[in-house]
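A.B. asks: Generate a structure from the sequence data that follows.
(one chain, ligands or ions: 1)
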Amino acid sequence: MIITNALYTEIDRLKKRVAELEAALTEERQRNRVGEAVIRENEVLTKENMELTQSRDEWRRIATEAKERVEGLLRDTTKMVKDEDVISDGFGSAWSAYCPMCGKRTMQVVRPGKAQCSKCG
Ligand SMILES: [Zn+2]
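C.D. replies: Sure, this is the predicted structure:
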């Protein structure tokens, strides 16, 4: 009888211990699930961040190329205009060699600060 009671007590103690361990295990699994979710979310954010960085770099590259192209065109245009199509009075004023009225290459410096078309006046 004494032995039986001792056994029941021991069985109860072990049952409680098993319940405690199961609860602890459930809690641990829950914590792991949360941890894994955080890791997954972090991976997604990292991937998105990398994609954003790549697309930002891509846009920067495109913008730089476009800027260089525009600057090149401006240089070419300026060079073309400077070389042939500009008349100057030698005092810092310059005009297009082409008349804005008739469109012919007939503009002439008539005095410092003044140019006019030889045809239109
Ligand atoms: Zn003219």
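A.B. asks: what's the offset of the strand or helix carrying residue 79 from the middle of its chain?
C.D. replies: Using DSSP states H and E, residue 79 maps to helix 2-84. Here helix 2-84 is found 20 Å from its chain centre; the criterion is Cα atoms, centre = their mean, to the nearest Å.
A.B. asks: Next, find the distance separating the spatially most central residue of the chain from the ion.
C.D. replies: Nearest to the geometric centre of the chain sits residue 56, at 2.2 Å (Cα atoms, centre = their mean). Residue 56 is 52 Å from the ion, where distance means Cβ to the ion, to the nearest Å. Just so you know, the C-beta spots here come from the backbone N, C-alpha and C atoms, and that holds for glycine as well.
A.B. asks: what does residue 11 give?
C.D. replies: In terms of Cβ to the ion, residue 11 sits 117 Å off from the ion.
A.B. asks: Look up phi and psi at residue 117.
C.D. replies: phi -70, psi 140 (degrees, to the nearest 10).
A.B. asks: I should have written residue 108 there, sorry.
C.D. replies: According to degrees, to the nearest 10, residue 108 has phi -130, psi 150.
A.B. asks: Provide a list of residues in contact with the residue nearest to it when sequence neighbours are not counted.
C.D. replies: Nearest residue to residue 108, sequence neighbours excluded (Cβ to Cβ, 6 or more residues apart in numbering): residue 118, at 5.3 Å. Neighbour list for residue 118: 106-108 [criterion: Cβ atoms under 8 Å, 6 or more residues apart in numbering].
A.B. asks: Equivalent analysis for residue 113, please.
C.D. replies: 89, 91, 93.
A.B. asks: Next, count neighbours for the last one.
C.D. replies: Residues contacting residue 93 under the criterion other Cβ atoms under 10 Å number 13.
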